[in-house]
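>>> Sequence plus the predicted model coming up.
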Amino acid sequence: MRAIRATDNGLILDTAAGAPTLSPGEGLVRPILVGVSRADIDIAKGRSGFRGIIGHEFVGVLEELLPAPDAALAAVERATKLRGKRVVGSMTIACGKCDMCKAGLPTHCRQRAMMGIMGRDGCFAERFAIPLSNLHAVPDAIPDEQAVFAEPLAAAAHARSMFRVEGKPFITVLGDGRMGLLTVQVMARLNASVRLLGRHPEKFGLCERWSIKHRHIDEVGRRQDQDVVVDCTGTPEGLELAMALVRPRGKIILRTSSMAPASGGPAPATPWGRAVDLSPIVHNEVDLIGAHAGSIAEALTILTRKDVLVEPLITRKVRLESAIEAITMPNAIKTLIAM
(Lines give C-alpha, C1' and ligand atoms only; values in the text may rest on other atoms or scores of the structure.)
Protein backbone atom coordinates (compact mmCIF):
# COMPACT_ATOMS: atom_id res chain seq x y z
CA MET A 1 0.00 0.00 0.00
CA ARG A 2 1.21 3.53 -0.79
CA ALA A 3 0.89 6.45 1.59
CA ILE A 4 2.26 9.94 2.28
CA ARG A 5 4.08 9.73 5.60
CA ALA A 6 5.63 12.41 7.82
CA THR A 7 9.06 11.37 9.09
CA ASP A 8 11.93 13.04 10.92
CA ASN A 9 13.36 13.83 7.46
CA GLY A 10 10.16 15.31 6.01
CA LEU A 11 7.39 13.81 3.90
CA ILE A 12 8.00 10.61 1.98
CA LEU A 13 5.97 8.47 -0.41
CA ASP A 14 5.89 5.20 1.52
CA THR A 15 5.40 2.47 -1.09
CA ALA A 16 5.38 -0.34 1.47
CA ALA A 17 2.96 0.98 4.08
CA GLY A 18 1.20 -1.81 5.90
CA ALA A 19 -2.52 -2.23 5.32
CA PRO A 20 -4.55 -0.91 8.27
CA THR A 21 -6.05 -3.39 10.72
CA LEU A 22 -9.61 -2.73 11.79
CA SER A 23 -10.53 -2.50 15.44
CA PRO A 24 -14.13 -3.17 16.54
CA GLY A 25 -16.34 -0.27 15.53
CA GLU A 26 -14.16 0.76 12.57
CA GLY A 27 -14.45 0.69 8.80
CA LEU A 28 -11.93 0.44 5.97
CA VAL A 29 -12.20 3.29 3.47
CA ARG A 30 -10.72 3.49 -0.01
CA PRO A 31 -10.28 7.22 -0.66
CA ILE A 32 -11.24 8.66 -4.04
CA LEU A 33 -10.07 12.23 -3.46
CA VAL A 34 -8.24 13.77 -0.52
CA GLY A 35 -7.74 17.46 0.17
CA VAL A 36 -4.58 19.22 1.31
CA SER A 37 -5.25 21.29 4.43
CA ARG A 38 -3.37 23.98 6.31
CA ALA A 39 -2.36 21.36 8.87
CA ASP A 40 -0.83 19.15 6.16
CA ILE A 41 1.23 22.08 4.91
CA ASP A 42 2.39 22.87 8.44
CA ILE A 43 3.45 19.26 8.98
CA ALA A 44 5.32 19.27 5.65
CA LYS A 45 7.17 22.40 6.76
CA GLY A 46 8.22 20.84 10.06
CA ARG A 47 5.88 22.88 12.27
CA SER A 48 4.50 19.81 14.03
CA GLY A 49 5.86 16.82 15.87
CA PHE A 50 3.42 14.47 14.15
CA ARG A 51 4.94 11.36 12.58
CA GLY A 52 2.76 9.07 10.52
CA ILE A 53 0.40 9.12 7.53
CA ILE A 54 -0.99 12.62 7.08
CA GLY A 55 -4.35 13.93 5.84
CA HIS A 56 -7.91 14.25 7.17
CA GLU A 57 -10.06 15.62 4.32
CA PHE A 58 -11.47 12.87 2.11
CA VAL A 59 -14.28 11.37 0.10
CA GLY A 60 -14.07 7.63 -0.36
CA VAL A 61 -15.87 4.30 -0.43
CA LEU A 62 -16.47 2.20 2.68
CA GLU A 63 -15.20 -1.25 1.68
CA GLU A 64 -15.21 -3.20 4.93
CA LEU A 65 -16.56 -2.78 8.43
CA LEU A 66 -16.16 -4.43 11.81
CA PRO A 67 -19.06 -3.47 14.11
CA ALA A 68 -18.31 -3.31 17.80
CA PRO A 69 -19.81 -6.31 19.64
CA ASP A 70 -21.64 -4.04 22.08
CA ALA A 71 -22.92 -1.62 19.41
CA ALA A 72 -26.62 -0.83 19.38
CA LEU A 73 -28.63 -2.52 16.65
CA ALA A 74 -29.47 0.85 15.05
CA ALA A 75 -25.77 1.75 14.84
CA VAL A 76 -24.92 -1.59 13.22
CA GLU A 77 -27.75 -1.22 10.70
CA ARG A 78 -26.61 2.32 9.87
CA ALA A 79 -23.02 1.19 9.35
CA THR A 80 -24.07 -1.78 7.24
CA LYS A 81 -26.05 0.49 4.92
CA LEU A 82 -22.89 2.56 4.35
CA ARG A 83 -20.93 -0.38 2.97
CA GLY A 84 -20.08 0.19 -0.68
CA LYS A 85 -21.27 3.81 -0.47
CA ARG A 86 -19.36 7.06 -0.82
CA VAL A 87 -18.57 8.55 2.56
CA VAL A 88 -16.97 11.57 4.18
CA GLY A 89 -16.12 11.92 7.84
CA SER A 90 -14.97 13.80 10.88
CA MET A 91 -11.25 13.87 11.66
CA THR A 92 -11.70 13.71 15.45
CA ILE A 93 -11.43 10.24 16.96
CA ALA A 94 -13.32 10.39 20.27
CA CYS A 95 -13.34 7.89 23.12
CA GLY A 96 -17.11 8.07 23.65
CA LYS A 97 -16.69 7.64 27.41
CA CYS A 98 -15.34 10.88 28.91
CA ASP A 99 -17.43 13.75 30.27
CA MET A 100 -17.09 15.73 27.04
CA CYS A 101 -18.26 12.83 24.88
CA LYS A 102 -21.17 12.09 27.19
CA ALA A 103 -22.12 15.79 27.02
CA GLY A 104 -22.36 15.56 23.23
CA LEU A 105 -19.04 17.32 22.60
CA PRO A 106 -16.88 14.61 20.97
CA THR A 107 -14.63 17.17 19.25
CA HIS A 108 -13.50 18.12 22.78
CA CYS A 109 -12.96 14.52 23.91
CA ARG A 110 -10.39 14.33 26.71
CA GLN A 111 -8.63 11.43 24.96
CA ARG A 112 -9.18 12.50 21.36
CA ALA A 113 -6.91 11.76 18.46
CA MET A 114 -7.00 13.65 15.16
CA MET A 115 -6.50 11.89 11.84
CA GLY A 116 -3.18 12.73 10.28
CA ILE A 117 -2.45 15.38 12.91
CA MET A 118 -2.28 13.89 16.39
CA GLY A 119 -2.15 10.29 17.56
CA ARG A 120 -3.73 8.67 14.49
CA ASP A 121 -2.74 7.92 10.90
CA GLY A 122 -4.60 9.92 8.29
CA CYS A 123 -6.21 9.41 4.90
CA PHE A 124 -3.34 10.08 2.45
CA ALA A 125 -3.12 6.35 1.79
CA GLU A 126 -4.71 3.84 -0.53
CA ARG A 127 -6.74 2.52 2.43
CA PHE A 128 -7.32 3.84 5.95
CA ALA A 129 -9.31 2.88 9.04
CA ILE A 130 -11.79 5.18 10.73
CA PRO A 131 -14.54 4.75 13.35
CA LEU A 132 -17.87 3.96 11.70
CA SER A 133 -19.52 6.62 13.87
CA ASN A 134 -17.39 9.28 12.14
CA LEU A 135 -18.75 8.50 8.67
CA HIS A 136 -21.58 10.07 6.71
CA ALA A 137 -23.06 8.95 3.41
CA VAL A 138 -22.60 11.38 0.53
CA PRO A 139 -25.84 12.19 -1.33
CA ASP A 140 -25.80 11.21 -5.00
CA ALA A 141 -26.27 14.85 -6.02
CA ILE A 142 -22.89 15.87 -4.57
CA PRO A 143 -19.91 15.05 -6.85
CA ASP A 144 -16.58 13.94 -5.42
CA GLU A 145 -14.93 17.33 -6.08
CA GLN A 146 -17.49 18.94 -3.78
CA ALA A 147 -17.81 16.19 -1.18
CA VAL A 148 -14.09 16.35 -0.37
CA PHE A 149 -14.73 19.84 1.05
CA ALA A 150 -17.13 18.52 3.72
CA GLU A 151 -14.69 18.73 6.63
CA PRO A 152 -13.36 22.29 6.03
CA LEU A 153 -16.86 23.49 5.12
CA ALA A 154 -18.14 22.06 8.41
CA ALA A 155 -15.49 24.12 10.20
CA ALA A 156 -16.51 27.27 8.32
CA ALA A 157 -20.17 26.71 9.17
CA HIS A 158 -19.25 26.14 12.81
CA ALA A 159 -17.76 29.64 12.97
CA ARG A 160 -21.20 30.97 12.01
CA SER A 161 -22.74 29.18 14.99
CA MET A 162 -20.47 30.91 17.50
CA PHE A 163 -22.47 34.14 17.63
CA ARG A 164 -26.06 35.35 17.46
CA VAL A 165 -27.12 37.60 14.60
CA GLU A 166 -28.93 40.67 15.93
CA GLY A 167 -30.15 43.39 13.59
CA LYS A 168 -27.93 43.54 10.51
CA PRO A 169 -24.39 43.29 11.87
CA PHE A 170 -21.18 44.22 10.11
CA ILE A 171 -19.04 41.11 9.65
CA THR A 172 -15.46 41.05 8.33
CA VAL A 173 -13.66 37.86 7.33
CA LEU A 174 -9.87 38.13 7.32
CA GLY A 175 -7.87 35.97 4.92
CA ASP A 176 -8.40 35.01 1.29
CA GLY A 177 -7.18 31.42 1.54
CA ARG A 178 -9.41 28.40 1.34
CA MET A 179 -10.90 28.79 4.83
CA GLY A 180 -11.53 32.51 4.39
CA LEU A 181 -13.25 31.98 1.03
CA LEU A 182 -15.43 29.22 2.48
CA THR A 183 -16.24 31.20 5.61
CA VAL A 184 -17.20 34.40 3.80
CA GLN A 185 -19.64 32.45 1.62
CA VAL A 186 -21.24 30.95 4.73
CA MET A 187 -21.46 34.37 6.39
CA ALA A 188 -22.94 35.92 3.26
CA ARG A 189 -26.08 33.80 3.77
CA LEU A 190 -26.80 35.71 7.00
CA ASN A 191 -28.79 38.91 7.32
CA ALA A 192 -25.59 40.91 7.64
CA SER A 193 -23.21 43.23 5.82
CA VAL A 194 -20.31 40.91 5.01
CA ARG A 195 -16.92 41.60 3.45
CA LEU A 196 -13.65 39.77 2.88
CA LEU A 197 -10.25 41.34 3.46
CA GLY A 198 -7.22 39.73 1.82
CA ARG A 199 -3.82 40.36 0.24
CA HIS A 200 -4.19 38.64 -3.12
CA PRO A 201 -6.17 40.65 -5.70
CA GLU A 202 -6.23 37.65 -8.04
CA LYS A 203 -8.56 35.91 -5.58
CA PHE A 204 -10.97 38.82 -5.36
CA GLY A 205 -12.50 37.78 -8.66
CA LEU A 206 -14.17 34.91 -6.84
CA CYS A 207 -15.85 37.35 -4.47
CA GLU A 208 -17.04 39.39 -7.43
CA ARG A 209 -18.62 36.27 -8.94
CA TRP A 210 -20.37 35.63 -5.63
CA SER A 211 -21.43 39.31 -5.18
CA ILE A 212 -19.47 39.53 -1.93
CA LYS A 213 -17.74 42.76 -0.95
CA HIS A 214 -13.95 42.58 -0.77
CA ARG A 215 -11.01 44.88 -0.11
CA HIS A 216 -7.25 44.67 0.19
CA ILE A 217 -6.24 44.60 3.85
CA ASP A 218 -4.03 47.69 3.44
CA GLU A 219 -6.93 49.74 2.04
CA VAL A 220 -9.27 49.61 5.05
CA GLY A 221 -9.42 51.89 8.06
CA ARG A 222 -9.01 50.63 11.61
CA ARG A 223 -12.08 52.31 13.10
CA GLN A 224 -13.23 49.58 15.49
CA ASP A 225 -16.66 49.50 13.86
CA GLN A 226 -17.16 45.81 13.00
CA ASP A 227 -19.57 43.73 15.08
CA VAL A 228 -17.86 40.43 14.25
CA VAL A 229 -14.40 39.73 12.81
CA VAL A 230 -13.57 36.17 11.75
CA ASP A 231 -9.81 35.70 11.53
CA CYS A 232 -8.90 32.95 9.05
CA THR A 233 -5.31 34.07 8.55
CA GLY A 234 -3.68 32.04 11.31
CA THR A 235 -1.14 34.83 11.85
CA PRO A 236 -0.35 37.29 14.65
CA GLU A 237 -0.91 40.11 12.18
CA GLY A 238 -4.41 38.80 11.52
CA LEU A 239 -5.34 38.81 15.20
CA GLU A 240 -3.84 42.27 15.67
CA LEU A 241 -5.84 43.57 12.70
CA ALA A 242 -9.00 41.93 14.06
CA MET A 243 -8.53 43.80 17.35
CA ALA A 244 -8.18 47.05 15.41
CA LEU A 245 -11.37 46.41 13.42
CA VAL A 246 -13.81 45.05 15.99
CA ARG A 247 -16.03 47.41 17.96
CA PRO A 248 -16.05 47.53 21.77
CA ARG A 249 -18.01 44.51 23.06
CA GLY A 250 -17.84 42.95 19.61
CA LYS A 251 -16.64 39.46 18.81
CA ILE A 252 -13.49 38.00 17.26
CA ILE A 253 -13.75 34.43 16.01
CA LEU A 254 -10.39 32.68 15.61
CA ARG A 255 -10.90 30.11 12.87
CA THR A 256 -7.34 28.82 12.45
CA SER A 257 -3.77 29.07 13.60
CA SER A 258 -0.70 28.47 11.49
CA MET A 259 0.63 25.65 13.65
CA ALA A 260 -0.57 22.06 13.54
CA PRO A 261 -0.74 20.52 17.04
CA ALA A 262 2.25 18.44 17.95
CA SER A 263 1.79 14.76 18.73
CA GLY A 264 3.13 14.59 22.24
CA GLY A 265 5.55 17.07 23.72
CA PRO A 266 4.89 20.60 24.95
CA ALA A 267 3.21 23.26 22.82
CA PRO A 268 5.11 26.48 22.12
CA ALA A 269 4.35 29.61 24.13
CA THR A 270 2.19 30.98 21.31
CA PRO A 271 1.01 29.45 18.02
CA TRP A 272 3.09 31.95 16.06
CA GLY A 273 6.37 32.05 17.93
CA ARG A 274 5.95 35.63 19.15
CA ALA A 275 3.77 37.36 21.70
CA VAL A 276 0.63 39.29 20.75
CA ASP A 277 -0.57 42.22 22.87
CA LEU A 278 -4.08 41.23 23.97
CA SER A 279 -4.75 44.34 26.03
CA PRO A 280 -7.34 45.63 23.47
CA ILE A 281 -9.41 42.54 24.26
CA VAL A 282 -9.55 43.63 27.90
CA HIS A 283 -9.91 47.39 27.39
CA ASN A 284 -12.65 47.03 24.76
CA GLU A 285 -14.35 44.05 26.44
CA VAL A 286 -14.18 42.02 23.25
CA ASP A 287 -15.24 38.37 23.13
CA LEU A 288 -12.37 36.28 21.74
CA ILE A 289 -13.82 32.93 20.61
CA GLY A 290 -12.14 29.90 19.12
CA ALA A 291 -13.95 27.82 16.50
CA HIS A 292 -12.70 24.36 15.60
CA ALA A 293 -14.44 21.42 13.92
CA GLY A 294 -18.10 21.45 12.92
CA SER A 295 -20.91 19.18 11.79
CA ILE A 296 -20.22 17.06 8.69
CA ALA A 297 -23.98 16.53 8.30
CA GLU A 298 -24.52 20.30 8.18
CA ALA A 299 -21.77 20.65 5.56
CA LEU A 300 -23.44 18.04 3.36
CA THR A 301 -26.73 19.92 3.68
CA ILE A 302 -25.02 23.16 2.61
CA LEU A 303 -23.47 21.42 -0.40
CA THR A 304 -26.81 19.85 -1.36
CA ARG A 305 -28.50 23.27 -1.26
CA LYS A 306 -25.59 24.79 -3.20
CA ASP A 307 -25.37 27.58 -0.64
CA VAL A 308 -21.56 27.55 -1.01
CA LEU A 309 -19.55 27.03 -4.17
CA VAL A 310 -16.41 25.00 -3.58
CA GLU A 311 -15.19 23.85 -7.00
CA PRO A 312 -13.89 27.35 -7.93
CA LEU A 313 -11.45 26.97 -5.03
CA ILE A 314 -9.71 23.96 -6.58
CA THR A 315 -6.31 25.12 -7.82
CA ARG A 316 -4.95 21.76 -8.96
CA LYS A 317 -5.57 18.03 -8.85
CA VAL A 318 -2.61 15.63 -8.79
CA ARG A 319 -1.98 11.90 -8.41
CA LEU A 320 -0.58 10.42 -5.21
CA GLU A 321 2.91 10.07 -6.68
CA SER A 322 3.04 13.85 -7.23
CA ALA A 323 1.48 14.77 -3.89
CA ILE A 324 4.59 15.74 -1.91
CA GLU A 325 5.62 18.47 -4.33
CA ALA A 326 2.04 19.70 -4.67
CA ILE A 327 1.42 19.93 -0.92
CA THR A 328 3.88 22.80 -0.49
CA MET A 329 3.40 24.45 -3.87
CA PRO A 330 2.79 28.20 -3.35
CA ASN A 331 -0.30 30.20 -4.32
CA ALA A 332 -2.69 27.26 -4.17
CA ILE A 333 -6.14 27.78 -2.72
CA LYS A 334 -6.97 24.09 -2.68
CA THR A 335 -4.99 21.09 -3.88
CA LEU A 336 -6.74 17.75 -4.33
CA ILE A 337 -5.01 14.40 -4.58
CA ALA A 338 -6.67 11.71 -6.70
CA MET A 339 -6.11 8.28 -5.23
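Arrived safely, thanks for sending. Numbers count the residues shown, from 1 in each chain.

>>> Helices along this structure, start to end?
38-44, 73-82, 99-102, 144-147, 150-160, 178-187, 201-209, 236-245, 279-283, 296-305, 323-327 (DSSP state H).

>>> Out of these, which one sits most buried?
Ranked by mean neighbour count, these are led by helix 178-187 with a mean of 27 (mean count of other CB atoms under 10 Å). For the C-beta atoms, the positions are set from N, CA and C on the backbone; glycine is no exception.

>>> which outside residues touch that helix?
Helix 178-187 is contacted by residues 38, 149, 152-153, 155-157, 159-160, 171, 173-174, 194-196, 198, 203, 206-207, 210, 212, 230, 232-233, 255-256, 302, 307-310, 313, 333-334 when judged by CB atoms under 8 Å, 6 or more residues apart in numbering.

>>> how about TSV for the helices of the chain, with mean pLDDT added?
Shown next, in TSV, are the helices of the chain (pLDDT from 0 to 100):
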stretch	mean pLDDT
helix 38-44	92
helix 73-82	87
helix 99-102	93
helix 144-147	98
helix 150-160	94
helix 178-187	95
helix 201-209	90
helix 236-245	94
helix 279-283	95
helix 296-305	96
helix 323-327	93
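
>>> closest one to Ala17 among the ones you listed?
Using CB to CB as the measure, helix 323-327 is the one of the helices of the chain that comes nearest Ala17, at 13.5 Å.

>>> How far does that closest one sit from its chain's centre?
Computed by CA atoms, centre = their mean, to the nearest Å, the chain-centroid distance of helix 323-327 equals 19 Å.

>>> Would you check that Gly119 makes contact with Ala113?
Yes - taking contacts as CB atoms under 8 Å, Gly119 lies within contact range of Ala113: 3.5 Å.

>>> Which neighbours do these two have in common?
Ile93.

>>> Tell me, how many residues neighbour Glu219?
7 (other CB atoms under 10 Å).

>>> Provide a list of residues in contact with it.
Glu219 neighbours (CB under 8 Å, 6+ apart): none.

>>> Reformat the helices of the chain as TSV; add distance to Gly18.
Below are the helices of the chain laid out as TSV (distance: least, CB to CB, whole Å):
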stretch	distance to Gly18
helix 38-44	20
helix 73-82	24
helix 99-102	29
helix 144-147	27
helix 150-160	25
helix 178-187	32
helix 201-209	41
helix 236-245	40
helix 279-283	48
helix 296-305	28
helix 323-327	19
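
>>> so which of those gets nearest Asp218?
Proximity to Asp218 (CB to CB) singles out helix 236-245 among those, at 10.2 Å.

>>> and Ala141, how many residues sit next to it?
Residues lying near Ala141 (other CB under 10 Å) number 9.

>>> how far away is it from Val29?
From Ala141 over to Val29 the distance is 21 Å, taken as CB to CB, to the nearest Å.

>>> Would you mark the buried spots in stretch 48-68?
48-50, 52-62, 65-68 (16 or more other CB atoms under 10 Å).

>>> Report the mean confidence score over it.
The average pLDDT within stretch 48-68 is 95.

>>> what's the first-to-last distance across that stretch?
The first and last residues of stretch 48-68 sit 33 Å apart, counting by CA to CA, to the nearest Å.
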